[in-house]
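Student: sequence unknown, structure follows:
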């Protein structure tokens, strides 16, 4: 339990820092020394819980400050665009975290307090992490378009034939280069990447090196980027990754973001034939010229209360839903599977138990409430291949566009280190 809490929370000792000062100005906001200290304690707790060595204090502080600045910029963008995480969504996430340790939410809170953690700070940290993820999904996905021609080309390619193939759990070390890098900058970055690759070959720990030197968004997690299929990677990356065994890493690979060293942590699958499908209903309320975003939120909350009181879902969907196609069918969307819905909808759909009704949540279309009617596994057919191809192309574009967007917002922001 201690490892879990250390991985999520911020020690109360940082909040007792007697003096505070500004360490960075970010646009119209600031980063305080107390925030930097709190985040350092959080990262140290995570790394210690994972048994990883820490870089020197100056390197760790530089990495943490860099991440805080980027988080601050993203949260500012989220505030400007009205993107938020509701209390009900936050509570649901906390309940899932508690359940992973076989605790109720009350027991989880008591355990945090018993270990000297500030529960309010834990809530706020998790809210911010959820919010940044939502901001990235909302903004980056809006910059991505997947055409039918791209899907057709993908399905007819070698990568299309690989649908259902193995997945690879990857980590990376990224030596980043600016958007308008000079040849000298590129040579310097390549030299640094080559030096790091040599150190890894001589036994340096990959995760610790990533923490100390990578400029990737997951550097402070040891460079872990999670599971990817070959067709979700740029072609020059997939060609290398498929030749690596678990535990092995690549030579530096060039991309528009810089120079990457990829490590295969694990490999699984290669013969997936079934897909998880969910039979789902929803009610959608969208802001319009007559109904403001705030009014829309109040009305969806009122509908949710009626559902809690036992009013049939189908009746309320027919009466209130702004989705005419499903509304006339009592909110029915039929069977849905990965890649069909927007990310916010899929996240709630796959985390809602069969027979349960979700709390209101927001996507780019407005506010939804969904009900999971049934679940099943279905053999992967042509329709599934098309949807998987769309999801694969979108994921690959998302990974590439996220890096571009993060560099873009950083370069456009006013940042002054104190």
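Tutor: Okay, I see it. Keep in mind that what you see is a predicted model, and the values were worked out from it rather than measured.
Student: in the stretch 301-418 of the chain, what spans have low per-residue confidence?
Tutor: 379-384 (pLDDT under 70).
Student: secondary structure class for residue 217?
Tutor: Three-state call for residue 217 (DSSP: H, G, I helix; E, B strand; the rest coil): coil.
Student: My error: substitute residue 102 in the last question.
Tutor: Quick answer, by three-state DSSP: residue 102 is coil.
Student: I'd say residue 260 and residue 172 touch.
Tutor: Yes - Residue 260 is within contact range of residue 172, at 5.3 Å (criterion: C-beta atoms under 8 Å). Quick note: C-beta positions are derived from backbone N, CA and C, even for glycine.
Student: Those two: who's more crowded?
Tutor: residue 260 (25 against 22; other C-beta atoms under 10 Å).
Student: per-residue confidence for the residue positioned nearest the centre of the chain?
Tutor: Centroid-nearest residue in the chain, with C-alpha atoms, centre = their mean: residue 133, separated by 4.4 Å. Looking at residue 133, its pLDDT is 91.
Student: Quick check: the gap between it and residue 281.
Tutor: In this view, residue 133 and residue 281 are 26 Å apart by C-beta to C-beta, to the nearest Å.
Student: What ranges does the protein have for its strands?
Tutor: 22-26, 29-32, 167-176, 224-229, 253-255, 258-268, 274-285, 332-336, 361-363, 366-379, 415-417 (DSSP state E).
Student: Please tabulate those in TSV and include distance to residue 69 as additional columns.
Tutor: As requested, these are exported to TSV (distance: least, C-beta to C-beta, whole Å):
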stretch	distance to residue 69
strand 22-26	6
strand 29-32	6
strand 167-176	14
strand 224-229	21
strand 253-255	23
strand 258-268	18
strand 274-285	36
strand 332-336	38
strand 361-363	27
strand 366-379	32
strand 415-417	6
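Student: Isn't residue 411 up against residue 181?
Tutor: No - using C-beta under 8 Å, residue 411 is not in contact with residue 181; the gap is 12.0 Å.
Student: of those two, who's got more company?
Tutor: Legend: neighbour count by other C-beta under 10 Å for residue 411 and residue 181, higher for residue 181 (15 against 11).
Student: quick one: that one and residue 259, what's the gap?
Tutor: 11 Å.
Student: Overlap in contacts, these two.
Tutor: Counting by C-beta atoms under 8 Å, 6 or more residues apart in numbering, the contacts common to residue 181 and residue 259 are residue 189.
Student: coming back round to it: to residue 122, which of the strands of the chain lies closest?
Tutor: Closest approach to residue 122 among the strands of the chain (C-beta to C-beta): strand 29-32, 18.7 Å.
Student: So what are the sheet partners of that closest one and their directions?
Tutor: Strands that pair with strand 29-32, judged by DSSP bridges, come out as strand 22-26 (antiparallel).
Student: Please point out which parts of the strand it pairs with sit buried.
Tutor: Neighbour counts over strand 22-26 (16 or more other C-beta atoms under 10 Å) mark 23, 24, 25, 26 as buried.
Student: Identify, from those, the entry nearest to residue 66.
Tutor: Among these, and counting by C-beta to C-beta, the member closest to residue 66 is residue 24, at 9.6 Å.
Student: any idea how far the closest residue to the closest one other than its chain neighbours lies from residue 38?
Tutor: Using C-beta to C-beta, 6 or more residues apart in numbering and skipping residues adjacent in sequence, the residue nearest residue 24 is residue 31, 4.2 Å away. Residue 31 sits at a distance of 11 Å from residue 38 (criterion: C-beta to C-beta).
Student: who's more crowded, the two?
Tutor: residue 38 (24 against 21).
Student: Pretty sure the more buried one sits against residue 121.
Tutor: Yes - if you go by C-beta under 8 Å, residue 38 and residue 121 touch, sitting 7.3 Å apart.
Student: model confidence over stretch 46-63, on average?
Tutor: 85.
Student: Next, the buried residues of it.
Tutor: For stretch 46-63, by 16+ other C-beta under 10 Å, it's 46, 47, 55, 60, 61, 63.
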